[in-house]
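> Build me a structure from this.
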Amino acid sequence: MFQPRVFRSADKRILHKSGPEKVWESLGPGVEVFRYPTGEPVRRIITQGGSRKVGGFYSWKMMNHTVFESVTEERCSMLMDVHSAVDAFYAQPETIRVTGTEGNSFEYTPDFLSILGGTRFRLENKRACDLWPPKPADRYDESGIRKWEKAALVRARLRAVRQAYTRCGLQWKLVLDLHIANMAAPEVVDELVSHGGRPISEGDWRRLREHIIAAENATTLDAASAVLREAEDPRGTVLARVSEGLLGIDLHEIPRDESLVFLTGRRRDEV
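The predicted structure follows:
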């Protein structure tokens, strides 16, 4: 089974234009796949995005930088970093080559491979307004017509991608910016991400974990913070465990003293 390897920020090879020659393997009927043996993102250039926002988001859950090529992908990365249902996620894990019955083919690279409850999902991020733009006002609306026709082509391509992965028995999901906004309040995600990286001593983690277990796996943020004895910022130290995947919290409301935090079941040695 393919096991993606996380890449570190010092691994500059991902920014290079050149790379190993692609070796395609059969994935299913009419579908081949290319992956790097090391599991790093298959796209070699992430610094030339034109007007798009490109870069690398540091995930404390994955302990590495995760590349993104749009604001929507960045927001999806941040959401997966703090969402308790996401076990792991990897950017641009593979490229597939789909060949039709007439010999025509195209290549496609999913934005993410996300693992939820042990199930792997290939994810494609898109803005809803790009896939379903307003209908052109009239035949003179050249810009509107261009966007309308481009969106139709993209939707057709994504349908072909879904069909290809389905033939291979694999899960593929379209995740819109609207979905991301509905799964968590952006300001909550931003706050949780901002606390990422705060250290916690072994003693404080043991006390925190034992306290939550004694409280039947759910306690208030205020009570959890009061348990810590060695942290300079107890509240921030508790919230930092969310982006590590150790704790979960309601992602729809700004964390308050009465907000409940709970153990996710992930072990600290897995972080």
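> Assumed residue 125 was part of a helix.
No - secondary structure of residue 125 (DSSP: H, G, I helix; E, B strand; the rest coil): strand, not part of a helix.
> need the contact list for it.
Neighbour list for residue 125: 70, 72-73, 76, 111-112, 175-177, 180 [criterion: Cβ atoms under 8 Å, 6 or more residues apart in numbering]. In this view, the C-beta of every residue, glycine as well, is placed from N, C-alpha and C.
> Same list (those residues) but as JSON lines, adding secondary structure.
Formatted as JSON lines, those follow (three-state DSSP):
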{"residue": "70", "secondary structure": "coil"}
{"residue": "72", "secondary structure": "helix"}
{"residue": "73", "secondary structure": "helix"}
{"residue": "76", "secondary structure": "helix"}
{"residue": "111", "secondary structure": "coil"}
{"residue": "112", "secondary structure": "strand"}
{"residue": "175", "secondary structure": "strand"}
{"residue": "176", "secondary structure": "strand"}
{"residue": "177", "secondary structure": "helix"}
{"residue": "180", "secondary structure": "helix"}
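> Tell me the buried residues within those.
Buried subset of the contacts of residue 125 (neighbour count, 16 or more other Cβ atoms under 10 Å): 70, 72-73, 76, 111-112, 175-177, 180.
> TSV for those, including distance to residue 213?
Output for the buried ones among the contacts of residue 125, formatted as TSV (distance: Cβ to Cβ, whole Å):
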residue	distance to residue 213
70	41
72	38
73	36
76	32
111	37
112	32
175	34
176	38
177	38
180	32
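> out of those, who's nearest residue 42?
residue 111 (11.4 Å; Cβ to Cβ).
> Could you report the separation of that closest one from residue 126?
9 Å (Cβ to Cβ, to the nearest Å).
> again, but for residue 59
21 Å.
> just residue 242 next, same as before
Counting by Cβ to Cβ, the gap from residue 242 to residue 126 is 27 Å.
> of those two, who's got more company?
The neighbour count for residue 242 versus residue 126, taken as other Cβ atoms under 10 Å, is higher for residue 242 (28 against 21).
> can you tell me which residues contact the more buried one?
Taking Cβ under 8 Å, 6+ apart, one finds 82, 84, 192, 195, 248-249, 261 in contact with residue 242.
> Going by neighbour count, which residues in whichever strand or helix holds residue 97 are buried?
Assigned by DSSP states H and E, residue 97 belongs to strand 95-99. Residues of strand 95-99 classed as buried: 95-98 (neighbour count, 16+ other Cβ under 10 Å).
> now the helices for the stretch 151-271 of the chain?
177-183, 186-194, 202-214, 221-227, 234-243 (DSSP state H, counting those that start in this stretch).
> Same question for the stretch 1-150 of the chain.
71-82, 128-131, 142-167.
> quick one, which of those is nearest to residue 207?
helix 71-82 (22.9 Å).
> where's the residue nearest to residue 231 when sequence neighbours are not counted relative to residue 131, distance?
With sequence-adjacent residues excluded and distances taken as Cβ to Cβ, 6 or more residues apart in numbering, residue 231 is closest to residue 237, at 4.0 Å. According to Cβ to Cβ, residue 237 and residue 131 sit 41 Å apart.
> So between those two, which is more surrounded?
residue 237 (22 against 15).
> Now for residue 52: which residues touch it?
Contacts of residue 52 (Cβ under 8 Å, 6+ apart): 69-70.
> Actually, residue 149.
Residue 149 neighbours (Cβ under 8 Å, 6+ apart): none.
> Just the pLDDT for it.
Per-residue confidence at residue 149 stands at 97 (pLDDT).
> now do the one 4 residues further on
Residue 153 is assigned a predicted lDDT (pLDDT) of 97.
> Give me the buried positions along stretch 67-84.
Applying 16+ other Cβ under 10 Å to stretch 67-84 flags 67-70, 72-84 as buried.
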